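A.B. asks: Turn this into a structure:
(2 chains)
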Amino acid sequence: KNQVEQSPQSLIILEGKNCTLQCNYTVSPFSNLRWYKQDTGRGPVSLTIMTFSENTKSNGRYTATLDADTKQSSLHITASQLSDSASYICVVSPTYNQGGKLIFGQGTELSVKP
Amino acid sequence: GAVVSQHPSRVICKSGTSVKIECRSLDFQATTMFWYRQFPKQSLMLMATSNEGSKATYEQGVEKDKFLINHASLTLSTLTVTSAHPEDSSFYICSARGVALYEQYFGPGTRLTVT
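C.D. replies: Alright, predicted model coming up:
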């Protein structure tokens, strides 16, 4: 069964600190892997999209990495801000792309404290 | 970047009534739109996929007669929750996919509360 698992489930860090969120997936083959940020009560917003051939992708203070051999991805947040408090979701798009269906992880709930 | 809007952002309705939620792609043509439901502390669950001008494809376990989806144009899809019940209370999110097939853009979501 194709799955996307994220860890930790939740994380609390102090403002200004860095953190890394993990994503393991069993979807194979896949077209691309995405990281989304979802604020409470809002829709997901795309942070990064990586194809299977890419190893890293940055978007400001967010840097995503991908290891297709171990089927792992990480999202590193640098110099965290209070506004980074949100749910971060790892999403994989299978190559067979059943009409565009995405496979979602359960998300990591990040809380940045002052 | 591409923008997807939803209307309304919040709606409260009485049990037994119907509610319509609109999803619009504002600056691109959406060949495919997706409707998701999200319960608290859970991830998004795909309800159905709709292609412009054709019938929606529903996921297993989603009642097509209860959740009516219409995708009448390349910029608008609607989800109608018919005979709503309190258990239908949830956060409904749409996404739209344009010509660049691997990118989906999500709407801001609609909070439905059925009393």
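
A.B. asks: Skip the chain neighbours and tell me the closest residue to B:R111.
C.D. replies: Once flanking residues are discounted, B:R111 sits nearest to B:R10: 4.6 Å by Cβ to Cβ, 6 or more residues apart in numbering or on different chains. (Each C-beta comes from the backbone N, C-alpha and C, glycine too.)

A.B. asks: residue contacts, the one you found?
C.D. replies: Counting by Cβ atoms under 8 Å, 6 or more residues apart in numbering or on different chains, B:R10 touches B:110-111, B:113.

A.B. asks: quick one: low-confidence ranges for chain A?
C.D. replies: Under the criterion pLDDT under 70, the flagged ranges of chain A are A:1-2, A:96-99.

A.B. asks: do chain B as well
C.D. replies: B:1, B:100-102.

A.B. asks: Nearest residue to the middle of it?
C.D. replies: B:W35 (3.6 Å; Cα atoms, centre = their mean).

A.B. asks: Please confirm that it is located within a helix.
C.D. replies: No - secondary structure of B:W35 (DSSP: H, G, I helix; E, B strand; the rest coil): strand, not part of a helix.

A.B. asks: so what's it closest to, chain neighbours aside?
C.D. replies: Going by Cβ to Cβ, 6+ apart, B:W35 has B:M47 as its nearest residue, at 4.6 Å.

A.B. asks: Which elements pack onto the helix or strand harbouring the one you found?
C.D. replies: Per DSSP states H and E, B:M47 falls inside strand B:45-51. In terms of contacts (3 or more Cβ pairs under 8 Å, 6 or more residues apart in numbering or on different chains; DSSP states H and E), strand B:45-51 is packed against strand B:32-38, strand B:57-58, strand B:67-73.

A.B. asks: One more pass at 10 Å, please.
C.D. replies: Helices and strands touching strand B:45-51, by 3 or more Cβ pairs under 10 Å, 6 or more residues apart in numbering or on different chains; DSSP states H and E, are strand A:103-104, strand B:32-38, strand B:57-58, strand B:67-73, strand B:76-81, strand B:90-97.

A.B. asks: And the fourth one, what's buried?
C.D. replies: Put plainly, it is strand B:67-73. By neighbour count with 16 or more other Cβ atoms under 10 Å in any protein chain shown, strand B:67-73 contains the buried residues B:67-69, B:71.
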